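In: give me a model of this one.
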Amino acid sequence: MAKVSKRLLVLNAVLFQLVWFIAVQGNNLYALLALLFLLVVHFTLMKPDAQELRLILAVPVVGIVADTLIMNAGWIEYQSTDHFLIPIWLCVLWVAFATTLKHSMSWVFKTFWLPPLVGLLVVPFSYWAGIKLSGSQLLIPMERLLLLEGLVWAVLLTLIGHTTRKQEQSLC
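Out: Numbers count the residues shown, from 1 in each chain. This next block holds a predicted model:
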């Protein structure tokens, strides 16, 4: 992966936040259109290498499976979801998130201790806000959701960080 300017890192973060905000409104079509825009910009400006492409493909699969398990465990009920898989707009968020891993979120993965800390203490509040904005419902107490999501994300971000560091070491 080529060195990316600070402006592109900021653009990467802003585009992710834009997709996040559009997606959590719960409209699948708008979420897909926002993701398409993000991907066109990302592939045009960031020029992802093979390792980043693997992350962009693998991370959403893991995340979608994790969120589907969480939904089917009865933690969260997403509005207008009456089937086994999480809504499309949430799948969109996973793809958009994956585009940040080697760019605007790369600072999180520089140490072994920061990914679990961010996963445990920061990410659950993004879920809480997304639940409120999407019209979804918590089926367990908020405190439990924040703790459980924090634990899930601590593990997920730790695994992503480990994978990212391992990929970078293989380049040397």
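In: look up how far Trp113 lies from Ala50.
Out: Noted for Ala50: a distance of 28 Å to Trp113, by C-beta to C-beta, to the nearest Å. Quick note: C-beta positions are derived from backbone N, CA and C, even for glycine.
In: next, the closest residue to Val62 other than its chain neighbours: secondary structure please.
Out: Spatial nearest neighbour of Val62, chain neighbours left out: Leu156 (6.9 Å); criterion: C-beta to C-beta, 6 or more residues apart in numbering. Three-state call for Leu156 (DSSP: H, G, I helix; E, B strand; the rest coil): helix.
In: which residues touch Leu156?
Out: Each residue near Leu156 by C-beta atoms under 8 Å, 6 or more residues apart in numbering is listed here: 62-63, 66, 119.
In: pLDDT averaged over stretch 112-128 - what is it?
Out: Averaging pLDDT along stretch 112-128 yields 92.
In: how long is that stretch end to end?
Out: 26 Å (C-alpha to C-alpha, to the nearest Å).
In: also stretch 107-114?
Out: Stretch 107-114 has an end-to-end distance of 9 Å (criterion: C-alpha to C-alpha).
In: so who does Ile70 touch?
Out: By C-beta under 8 Å, 6+ apart, the neighbours of Ile70 are 76, 148-149, 152.
In: which one of those is nearest Leu15?
Out: Lowest distance from Leu15 to the contacts of Ile70 (C-beta to C-beta) belongs to Glu149, with 23.7 Å.
In: mind checking pLDDT for the closest one?
Out: 90.
In: pLDDT weak spots in the chain?
Out: For the chain, the stretches flagged by pLDDT under 70 are 1-4, 80-82, 170-172.
In: going along the chain, name the strands of it.
Out: Per DSSP state E, the chain carries strands over the ranges 76-77, 137-138.
In: residues in contact with the last one?
Out: Which is strand 137-138. When contacts are defined by C-beta under 8 Å, 6+ apart, strand 137-138 is touched by residues 75-77, 79, 131, 145.
In: about what we covered before: among the strands of the chain, which comes closest to Gln17?
Out: Per C-beta to C-beta, nearest to Gln17 of the strands of the chain: strand 76-77, 21.4 Å.
In: neighbouring contacts of that closest one?
Out: For strand 76-77, the surrounding residues in contact (C-beta under 8 Å, 6+ apart) are 70-71, 131, 136-139, 145.
In: can you do 7 Å?
Out: Identification of contacts with strand 76-77 by C-beta atoms under 7 Å, 6 or more residues apart in numbering yields 70, 131, 136-139.
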